[in-house]
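**Student:** Based on what follows, work out the 3D shape:
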Amino acid sequence: MSADLPESQASVETSEKFLEQIVKGSRKTSNYLVAGMLTIGGIGFSLAALSSFFGRELLPFGSASTLIFVPQGLFMAFYGLLGTIMACYLWALIKVDYGSGFNRFDKGKGSLELSRQGYFKRILIEVPIKDIQAVKLEIREGFNPRRRICLRLQGRKDLPISEVGGPQPLLVLEQEGAELARFLKVNLEGLSS
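**Tutor:** Numbers count the residues shown, from 1 in each chain. Alright, predicted model coming up:
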């Protein structure tokens with residue numbers, strides 16, 4: 001059954017001294033679909049507003065030129081502009097693959113390197129492995145669910161290391177957390193709300 005579950009972080013290389021996990025970014029099918037729908041909707045609303053303003057059909061279907069420009073055409077223009085701006089922002093996130101990166105645990109160097117792609121630059125965090133006290137599974141259900149793996153660090157806030165996106169299945173989350181805790185030889189902390 002565990003073979004049927006998708007893996008969110010793929011271990012590229014693993015040994016007793018080295019573990020690297022690849023973290024996916026914003027290049028997901030759902031983001032491509034939403035960006036495509038926003039693009040089509042934004043352009044459609046903008047063309048409907050222009051058809052209303054000029055009194056000519058610019059859309060191949062419907063009769064947008066019969067709309068009164070004030071207030072219907074203005075609302076169409078507002079929705080078109082808003083949809084187009086949101087689509088451009090989402091396409092820009094997809095282009096830079098926002099949030100992608102890796103988690104590299106190197107016992108030889110005694111350090112953890114976290115790398116994530118930001119909007120304008122790459123973010124690199126380096127933490128000594130000796131500062132890692134535990135691997136924590138953080139689970140929150142409800143309207144805004146959260147399921148992620150965090151590292152409990154000595155004298156600092158918890159450091160999330162799992163990818164951003166929809167909540168992962170509990171079984172996958174527990175397996176990844178247990179594998180990481182075994183590798184680091186630290187405790188795996190329970191599920192907190």
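
**Student:** host element of Q21?
**Tutor:** Using DSSP states H and E, the element containing Q21 is strand 18-23.

**Student:** Only C-alpha atoms, please: export that strand in PDB.
**Tutor:** Provided in PDB are the C-alpha atoms of strand 18-23 (Å, rounded to 0.1, in the frame of the first residue of the first chain):
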ATOM      1  CA  PHE A  18      25.100  12.000   3.800                       C
ATOM      2  CA  LEU A  19      21.400  12.500   3.000                       C
ATOM      3  CA  GLU A  20      20.000  14.900   0.400                       C
ATOM      4  CA  GLN A  21      16.300  15.500  -0.200                       C
ATOM      5  CA  ILE A  22      15.000  17.400  -3.200                       C
ATOM      6  CA  VAL A  23      12.100  19.800  -2.500                       C
END
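
**Student:** State the mean pLDDT of it.
**Tutor:** Strand 18-23 comes out with an average pLDDT of 92.

**Student:** Quick one: name whatever helix or strand follows it.
**Tutor:** Strand 18-23 is succeeded, C-terminally, by helix 29-54 (DSSP H and E).

**Student:** looking at this, R182 is in a helix?
**Tutor:** Yes - per DSSP: H, G, I helix; E, B strand; the rest coil, R182 lies within a helix segment.

**Student:** Look up how far N103 lies from I139.
**Tutor:** Using CB to CB, to the nearest Å, I139 is found at 20 Å from N103. Using the backbone N, CA and C atoms, a C-beta is placed for each residue, glycine as well.

**Student:** who's more crowded, those two?
**Tutor:** N103 (24 against 17; other CB atoms under 10 Å).
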